[in-house]
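Student: Below are the sequence and a predicted model for it; my questions follow.
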Amino acid sequence: MSPLAADLRTMLDRARRVAVFTGAGISTESGIPDFRSPGGMWARMAPIDFRDFVRSEEMRREAWRRRFAQDPVMRAAEPNRGHRAVAALVRQGKAHSVITQNIDGLHQASGVPDRQVIELHGNTTYAACLDCGERYEIDAIRATFEKDETPPVCAKCEGLVKTATISFGQAMPEGPMLRAEAETRAADLFLVLGSSLVVYPAAGFPAMAKRNGAALVIVNREPTPLDEIADLVIHGQIGDVLGGTVGVN
């Protein structure tokens with residue numbers, strides 16, 4: 001074990017309550033591209049703004065085309081060693097919840113109960129009505145969409161149906177944001193895994209934890225804007241670093 005990993009192990013052992021905060025970097029290790037990185041989807045095409053989705057049928061059609069184009073990658077992705085290490089921290093009771101910027105559902109697939117995953121940017125593995133919240137499964141929507149590419153509407157209230165994600169221009173979900181804040185304030189160790197910490201307001205939680213007296217650890221392949229205030233920074237693969245530290249293969 002490297003000296004930095006040994007420091008992380010010591011900090012985890014001493015912590016009473018760890019807040020785990022994950023970003024795209026943990027899922028790129030499962031083969032899911034980071035939309036924001038060079039060569040990512042948003043480098044090839046501009047993201048669809050929520051207001052455009054609501055007012056334009058063609059934008060809704062394009063949004064669903066893009067979602068279904070992602071299906072092969074999303075379905076092939078499986079939890080990696082990093083996800084399994086996070087799940088181990090939750091099972092051990094060291095971490096109470098996982099705050100994530102990711103929309104892929106891989107934390108749940110790794111064994112973290114859904115009620116303990118705080119999804120700040122929603123989830124792309126299912127859809128929901130924007131008006132009444134009725135849930136819809138992606139496969140059912142795809143089967144209907146592929147007939148004539150008509151964007152789905154809610155069978156219950158005729159509202160617009162969208163993947164259960166938070167788009168550009170869409171308000172952040174109040175419930176998850178409040179839960180994430182409560183989890184941040186309760187933690188004495190805030191562990192960032194694979195986030196560039198440039199997307200706000202989500203990236204404000206690590207700084208909040210630090211101001212509240214928690215130790216801050218950042219594990220990421222590249223430097224982040226908050227490295228200078230962190231108590232420990234490790235640049236490397238999350239699966240290797242955390243998996244080795246927690247003892248998960």
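Tutor: Sure, I can see it. Numbers count the residues shown, from 1 in each chain.
Student: helices and strands of this structure: which one bottoms out on pLDDT?
Tutor: helix 41-44 (a mean of 55; mean pLDDT, DSSP states H and E).
Student: need the next SSE after it, C-terminal direction.
Tutor: helix 50-55 (DSSP states H and E).
Student: can you tell me the average pLDDT over that next one?
Tutor: Mean per-residue pLDDT for helix 50-55: 98.
Student: ok, and what's touching it?
Tutor: Outside helix 50-55, the residues that touch it by C-beta atoms under 8 Å, 6 or more residues apart in numbering are 59-60, 63, 130, 160, 162, 167-170. The way it works is simple: take the backbone N, C-alpha and C, and place the C-beta from them, glycine included.
Student: export the helix or strand just after that helix as PDB, just CAs?
Tutor: Next helix or strand after helix 50-55 toward the C-terminus (DSSP H and E): helix 57-69. Provided in PDB are the C-alpha atoms of helix 57-69 (Å, rounded to 0.1, in the frame of the first residue of the first chain):
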ATOM      1  CA  GLU A  57     -41.300  18.700 -30.200                       C
ATOM      2  CA  GLU A  58     -38.300  18.300 -32.500                       C
ATOM      3  CA  MET A  59     -35.900  18.900 -29.500                       C
ATOM      4  CA  ARG A  60     -37.800  16.300 -27.500                       C
ATOM      5  CA  ARG A  61     -37.400  13.900 -30.500                       C
ATOM      6  CA  GLU A  62     -33.700  14.600 -30.700                       C
ATOM      7  CA  ALA A  63     -33.300  14.100 -26.900                       C
ATOM      8  CA  TRP A  64     -34.900  10.700 -27.200                       C
ATOM      9  CA  ARG A  65     -32.800   9.800 -30.200                       C
ATOM     10  CA  ARG A  66     -29.600  10.600 -28.200                       C
ATOM     11  CA  ARG A  67     -30.800   8.600 -25.200                       C
ATOM     12  CA  PHE A  68     -31.400   5.500 -27.200                       C
ATOM     13  CA  ALA A  69     -28.100   5.900 -29.000                       C
END
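Student: Would you indicate which residues of helix 57-69 are buried?
Tutor: 59-60, 62-64, 67 (16 or more other C-beta atoms under 10 Å).
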